[in-house]
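K.L.:
Fold the following and give me the result.
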Amino acid sequence: MTLNDIIIQCTNFFYTYPYIVIAIIAVLGIIIFLKPKQVLKTTLIILVLIVVCYILYLIGDATVTGVFNKEKMIYH
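P.N.:
Numbers count the residues shown, from 1 in each chain. The predicted model follows:
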């Protein structure tokens, strides 16, 4: 899964369920308006966790591909 796939899935969700997306944005806007400092801290933590998980996913995918190709070369 690449970053482009994630963007396409988000876009498809937006076009499929526009009212749900508008409601989510409205709720987030109200929460940000009421408690901006806490929301920014939480958003930053979540963003860092997402980036770390994405990097680990990419590293794991590359490792699996390398091991598969190595085994293929050994037994070929």
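
K.L.:
what stretches of the chain score poorly on pLDDT?
P.N.:
Applying pLDDT under 70 to the chain flags the ranges 1, 67, 69-71, 75-76.

K.L.:
Following the record's annotation, map out the domains of it.
P.N.:
Here the domain parsing of the chain from automatic domain parsing is 1-34, 36-76.

K.L.:
Mean neighbour count for the ones you listed - can I get that in CSV?
P.N.:
(Glycine included, C-beta is placed from N, CA and C.) Below are these laid out as CSV (neighbours: other C-beta atoms under 10 Å):
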stretch, mean neighbour count
domain 1-34, 10
domain 36-76, 10
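
K.L.:
now residue 50: how far from residue 65?
P.N.:
Distance of residue 50 to residue 65, computed by C-beta to C-beta, to the nearest Å: 23 Å.

K.L.:
Same check on residue 53?
P.N.:
Residue 53 is 19 Å from residue 65, by C-beta to C-beta.

K.L.:
what do you get for residue 21?
P.N.:
Look at residue 21 and residue 65: by C-beta to C-beta, they are 35 Å apart.
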